[in-house]
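Novice: here you go, sequence then predicted model.
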Number of protein chains: 2
Amino acid sequence: MTNDPTLDPQRRSWVEIPEGSDFPIQNLPFGIFQRPGETPRMGVAIGDEVLDVAALAGAGLLDELNLPLGVYFADSLNPLLEFDRTIWRGLRSRLAELLDVKDRELGTVHGLKNRALVAGRDVELLIPIKPGDYVDFYSSLHHATNLGRMFRPDGDPLLPNWRHIPIGYHGRSSSLVVSGTAVARPFGQRKGPDAPPAMGPSERLDLELEVGFVTGSANAMGTPVDVNRAEDHIFGLLLVNDWSARDIQAWEYQPLGPFLGKSFATSLSPWVVTLDALAPYRVPAPEQDPPVLDYLHEDNRLGLDLRLEIALATKAMPRPDVVSRVNFADMYWTMAQQLAHVTSNGTPVQAGDLYASGTVSGPEPEAAGSLIELTKNGANPIKLANGETRAFLEDGDTVVLRGSCGGGQLPRVGFGEVRGTVLPSGQ
Amino acid sequence: MTNDPTLDPQRRSWVEIPEGSDFPIQNLPFGIFQRPGETPRMGVAIGDEVLDVAALAGAGLLDELNLPLGVYFADSLNPLLEFDRTIWRGLRSRLAELLDVKDRELGTVHGLKNRALVAGRDVELLIPIKPGDYVDFYSSLHHATNLGRMFRPDGDPLLPNWRHIPIGYHGRSSSLVVSGTAVARPFGQRKGPDAPPAMGPSERLDLELEVGFVTGSANAMGTPVDVNRAEDHIFGLLLVNDWSARDIQAWEYQPLGPFLGKSFATSLSPWVVTLDALAPYRVPAPEQDPPVLDYLHEDNRLGLDLRLEIALATKAMPRPDVVSRVNFADMYWTMAQQLAHVTSNGTPVQAGDLYASGTVSGPEPEAAGSLIELTKNGANPIKLANGETRAFLEDGDTVVLRGSCGGGQLPRVGFGEVRGTVLPSGQ
């Protein structure tokens, strides 16, 4: 990968990249955007701008890829995801060429440079994928341990299967929303310790900081994906806020798992950062003890050095305050293991599927990816910069999740943010 | 509904209906079929034939419905499901007119009668829906009690939430297959009581007899569906075999519920029987004790008198032998309650979604919808007609689920079957 010109730290674009931007020419994440009054289309983030990939394709500048034009004018990345890594990589390389400061091609088509670049603030970013299946894992050792301690104080905090299986479950696809979508506090059935079940707005609304990966069409039904080839099928990653109503979840989840405590909304960041762009930031994944079974054994176990943070804004404090910092490199189970496990029974993985990591928490108590952990199940509310406290989310609160790699020796490759404001119930 | 001419028991079709057929003119279930070498299209079952609805639409005979032609030439019923009950009902009524023995319209278009009717044996039936979300409930009191007794012998067989919530979870959409699709025995991780975890073909492969309902687009995100209006959004019902690998399931399911023990395959019957066709067979649903919360309270609680059976064939016994009979009328939670509960937190229900009932079991020990119940967790194998026994499914076994209403005073309205043969692992 060191010879991949798309990753050359010296490469510069003719587009001006503001200091500290998540989106230098070394990143080029894919998304779907819409100008006012126009139809959705494929875009790539570059600095504060969006490159209109569909306009480039329309002008013939992407002909070498031989993709149907509909791929670029689709309302999700799914049609692109139907192709394979060779195409994904070829498209990103070609876009890097066209954005390179040395490029002259874009200028040869009259007016195209103007048409193909639009300010990010002038467009709407749409949900980038339409998952057929959305799986949510539980792959942070620290998160699973923290929750186990709270819910089973007298037993081993980790259940016996946890170190053998990347535990996960299927989430709801219909309520996946893009960053910026407000989230109404859900109604739901819950039960206090000495009270009968009751219906009402959740009183313990939480966030979960997660990272998801987006797949191509990985396998035919009946054919598992080899763990050492699994990353071939991962197009890229995005940030996920797996909003959770802890009171609804606690009452409903036995014996079939989380359901309505999660299904009211899950927020996604609009830009899918490609696995190719993340290559320089891969790090050895934590050692696993006991050793895993063969189908989960990787020749080269790689995590990702991705710094993540949770920031909260409130009605009284409009500027988000960072309340937790974690690193995705701490995850016990890798993306490759998750994909190999999911397909170990032969189930097909389709283009556009979403596999989220589960809450990312670190070894330190203050490095946690959810309020239930940060506040010890609500007992120790966190203090915000303006002196307000929070046990769980209140109406009007805004949750902002951010993530980035590099920034020192290596270029900063970031994810932008996933943001959502809590509305009162029924709005 | 008694004035609905589509339900008139006296109505006859010009198509010959064999004695005991599931598909008289009073039924008219919808599906997707394909002639060899042609594209998929919408069809309706009538006797042993399939009515080519797309051909009728192409000839202008369905113009009064004002639907885009693409609805009839789609590869799933989803585009039809995007419309509402008025359209669904209008289309079925119109098809009943055209199939009525008194009809002369079809004959007026030269050759159409021949083109529009095709023998069921000459076409391939495809999966009728493409669900965005597939939910599986757990709504039989008898099934939940049977499993609770096996898995928690010392406690109350029913968990405290069961009588308050229609318990359910999200299943996998990508591995939904149509009747006739062979199902490979899944590989998976499992663990014996005194052995380390191991990977291999499931040794406890089971079936689950279920009934699913298919929805239209029921609600906008944030707006729950009223339990008393919930059936407005149900297009129809089909049979579901929720294949289950009990050993994989037992090891993985804590704390997030069933995952790979279920996700390798779920089989659907090809014909969706409309809720309209089932109106004459509705019966009062079982009383609920304790009373449910308001959002689950129905003014008129209706179940469905639908007789269901499981039949097994083996390599040595090609003719399926009925091993269990149950009735869908015994379900504790109604479809309306399931839909109201799912949407109580505001999650959107989309056209083509599938909501399965969970295993249908009855009060008698021999009336159970799964082998784990019929065989007491494998301890008491069932005996087949030819003397073979089965604790769980063996390679080469074929599972056939069937269901029908009426047949006495009322016309027999049936579901056909959902059938699947177990292949050895890796095939």
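Specialist: Okay, I see it. Numbering: from 1, shown residues only, chains lettered A, B, ... in the order given.

Novice: element containing the residue of chain A at minimum distance from chain B, please.
Specialist: In chain A, the residue that lies nearest chain B is residue A:257 (2.3 Å; Cβ to the nearest Cβ). Bear in mind the C-beta positions are built from the backbone N, C-alpha and C, glycine included. Counting by DSSP states H and E, no helix or strand carries residue A:257.

Novice: what does the one 4 residues further on give?
Specialist: Assigned by DSSP H and E, residue A:261 belongs to helix A:260-263.

Novice: does that helix reach chain B?
Specialist: Yes. Using Cβ under 8 Å from any Cβ of the partner chain, helix A:260-263 reaches chain B at A:260, A:263.

Novice: which strands and helices lie in contact with that helix?
Specialist: strand A:187-190, strand A:244-245, helix A:246-252, helix B:335-342 (3 or more Cβ pairs under 8 Å, 6 or more residues apart in numbering or on different chains; DSSP states H and E).

Novice: could the ones you listed go into a markdown table alongside distance to residue A:277?
Specialist: What follows is those, written out as a markdown table (distance: least, Cβ to Cβ, whole Å):
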| stretch | distance to residue A:277 |
| --- | --- |
| strand A:187-190 | 39 |
| strand A:244-245 | 30 |
| helix A:246-252 | 35 |
| helix B:335-342 | 38 |
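
Novice: list the contacts for residue A:309?
Specialist: By Cβ atoms under 8 Å, 6 or more residues apart in numbering or on different chains, the residues touching residue A:309 are A:322, A:324, A:325, A:326, A:401, A:402, A:403.

Novice: filter these down to the buried ones.
Specialist: A:324, A:325, A:326, A:401, A:402, A:403 (16 or more other Cβ atoms under 10 Å in any protein chain shown).

Novice: can you give me how far the helix or strand hosting residue A:419 is from the chain middle?
Specialist: Using DSSP H and E, residue A:419 maps to strand A:413-423. Between the centre of strand A:413-423 and the centre of its chain there are 10 Å (Cα atoms, centre = their mean, to the nearest Å).

Novice: cool, and stretch A:19-36?
Specialist: 15 Å.

Novice: got the end-to-end distance for it?
Specialist: 28 Å (Cα to Cα, to the nearest Å).

Novice: cool, stretch A:125-143 as well?
Specialist: 31 Å.

Novice: near chain B at all, that stretch?
Specialist: Yes. Against chain B, stretch A:125-143 shows contacts by Cβ under 8 Å from any Cβ at A:132, A:133, A:138.

Novice: rebuild those residues as JSON lines, extending it with distance to residue B:172 and neighbour count.
Specialist: Listed next are the residues of stretch A:125-143 next to chain B as JSON lines, based on distance: Cβ to Cβ, whole Å; neighbours: other Cβ atoms under 10 Å in any protein chain shown:
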{"residue": "A:132", "distance to residue B:172": "9", "neighbour count": "21"}
{"residue": "A:133", "distance to residue B:172": "6", "neighbour count": "27"}
{"residue": "A:138", "distance to residue B:172": "17", "neighbour count": "23"}
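
Novice: ok, of those residues, which one's closest to residue B:79?
Specialist: The nearest member of those to residue B:79, counting by Cβ to Cβ, is residue A:132 at 17.2 Å.

Novice: picking up where we left off before, and the strand holding residue A:419, is it in reach of chain B?
Specialist: No. Judged by Cβ under 8 Å from any Cβ, strand A:413-423 and chain B are separated, with a smallest distance of 8.6 Å.

Novice: who's residue A:244 bridged to?
Specialist: Beta bridges link residue A:244 to residue A:206 when assigned by DSSP bridges.

Novice: pretty sure it is touching residue A:261, no?
Specialist: Yes. In terms of Cβ atoms under 8 Å, residue A:244 counts as a neighbour of residue A:261; the distance is 5.9 Å.

Novice: does the most far-flung residue of chain A relative to its centre belong to a helix, a strand or coil?
Specialist: The C-alpha centroid of chain A is most remote from residue A:194, which lies 38.6 Å away (Cα atoms, centre = their mean). Using DSSP: H, G, I helix; E, B strand; the rest coil, the structure places residue A:194 in coil.
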